[in-house]
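Chemist: can't give you the sequence, but here's the structure:
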């Protein structure tokens, strides 16, 4: 049987962190929480549940998650966000993998919620993620946003049964603000002077995003929530490319080295 380190990154997650830790306590040989200086009761809750608590300045999701993995004592990692927790079926699947490790990494489906409703349309499901792996065979990669575990070539990944449950958004304000501000700003910063943007590109990317979410990915069948998420997805696409266009126009392009 392998020894498993569960690593979680946090910032002001007093509402969610107990649920997250409780869902892994019977699987983990250690729980490591890397926190970017929360001002609420996150620290006290984590310590009360026996987690090792490390504070580290946030410098982007990919960097923070790689730092968290580096704090682990064991080579086998289960990585979660504080607003995620394991379904009972997924807990059983991970326990079976722990008892009989057969792969370099394991993927799982993430099921996201909006205002207490689980959403399987709009491209939100199955949202497959690798979150359980041998850290000698893979690492967190990606840019400032939409980080993912990248496995080395010729590694074996097995899909687990059960869902990683993600309490994504409580209301429209949270959804829209994240799309318009956090994701759009990070996207524009990451792709500045690396990607050409025109007004026409903004228009067709936005329109296609709504069409894909609402019609191709079944948002039309999820009532109000499907419409809201589809519009928000399109809204996020509009703002990320609009902000990128402005950055490209208003900031100097770095000189290339010869």
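Modeler: Nice, thanks for sending it over. All values derive from a computational prediction rather than experimental measurement.

Chemist: and the pLDDT at the closest residue to residue 193 other than its chain neighbours?
Modeler: Leaving out its chain neighbours, the residue that sits closest to residue 193 by CB to CB, 6 or more residues apart in numbering is residue 253, at 4.7 Å. Every residue, glycine included, has its C-beta placed from N, CA and C. Residue 253 carries a pLDDT value of 76.

Chemist: gap between whatever helix or strand residue 167 lives in and the chain center?
Modeler: Following DSSP states H and E, one finds residue 167 within strand 157-169. What separates the centre of strand 157-169 from the centre of its chain is 11 Å, taken as CA atoms, centre = their mean, to the nearest Å.

Chemist: thought residue 47 was touching residue 53?
Modeler: Yes: with contact defined as CB atoms under 8 Å, residue 47 and residue 53 form a contacting pair (5.7 Å).

Chemist: so between these two, which is more surrounded?
Modeler: Higher neighbour count among residue 47 and residue 53: residue 53, with 17 against 12, using other CB atoms under 10 Å.

Chemist: I figured the more buried one was touching residue 31, is that so?
Modeler: No: under the criterion of CB under 8 Å, residue 53 is not in contact with residue 31, lying 9.5 Å apart.

Chemist: overlap of the contact sets of those two?
Modeler: With contacts taken as CB atoms under 8 Å, 6 or more residues apart in numbering, residue 53 and residue 31 have residue 46 as neighbours in common.

Chemist: dihedrals phi and psi, the residue nearest to residue 193?
Modeler: Dihedral pair for residue 253: phi -80, psi 130, per degrees, to the nearest 10.

Chemist: look up how far residue 201 lies from it.
Modeler: Residue 253 sits 19 Å away from residue 201, going by CB to CB, to the nearest Å.

Chemist: neighbour count winner among those two?
Modeler: Counted by other CB under 10 Å, residue 253 and residue 201 do not tie: residue 201 has more neighbours, with 14 against 9.

Chemist: in what helix or strand does the more buried one lie?
Modeler: Assigned by DSSP H and E, residue 201 belongs to helix 199-211.

Chemist: run through who's touching that helix.
Modeler: Outside helix 199-211, the residues that reach it (CB under 8 Å, 6+ apart) are 230, 231, 233, 234, 235, 236, 237, 238, 241, 242, 245.

Chemist: in it, what counts as buried?
Modeler: Buried residues in helix 199-211, counting neighbours by 16 or more other CB atoms under 10 Å, are found at 202, 206, 209, 210.

Chemist: what do you get for stretch 44-58?
Modeler: By neighbour count with 16+ other CB under 10 Å, stretch 44-58 contains the buried residues 45, 46, 51, 52, 53.

Chemist: end to end, how far does that stretch reach?
Modeler: Counting by CA to CA, to the nearest Å, you get 20 Å between the two ends of stretch 44-58.

Chemist: stretch 65-79 now?
Modeler: Taking CA to CA, the first and last residues of stretch 65-79 lie 8 Å apart.

Chemist: ok, now stretch 213-222?
Modeler: Per CA to CA, stretch 213-222 runs 11 Å from first to last residue.

Chemist: and stretch 133-152, by the same measure?
Modeler: This stretch, stretch 133-152, spans 11 Å end to end (CA to CA).

Chemist: repeat that for stretch 178-194.
Modeler: Stretch 178-194 has its terminal residues 23 Å apart, counting by CA to CA.

Chemist: quick one: distance of it to the chain centre.
Modeler: Using CA atoms, centre = their mean, the mean C-alpha position of stretch 178-194 is found 16 Å from that of the whole chain.

Chemist: ok, now stretch 13-27?
Modeler: Averaging C-alpha positions (CA atoms, centre = their mean) puts stretch 13-27 16 Å from its chain's average.

Chemist: show the pLDDT at residue 183.
Modeler: With respect to pLDDT, residue 183 scores 86.

Chemist: ok, now how distant is it from residue 40?
Modeler: In this view, residue 183 and residue 40 are 23 Å apart by CB to CB.
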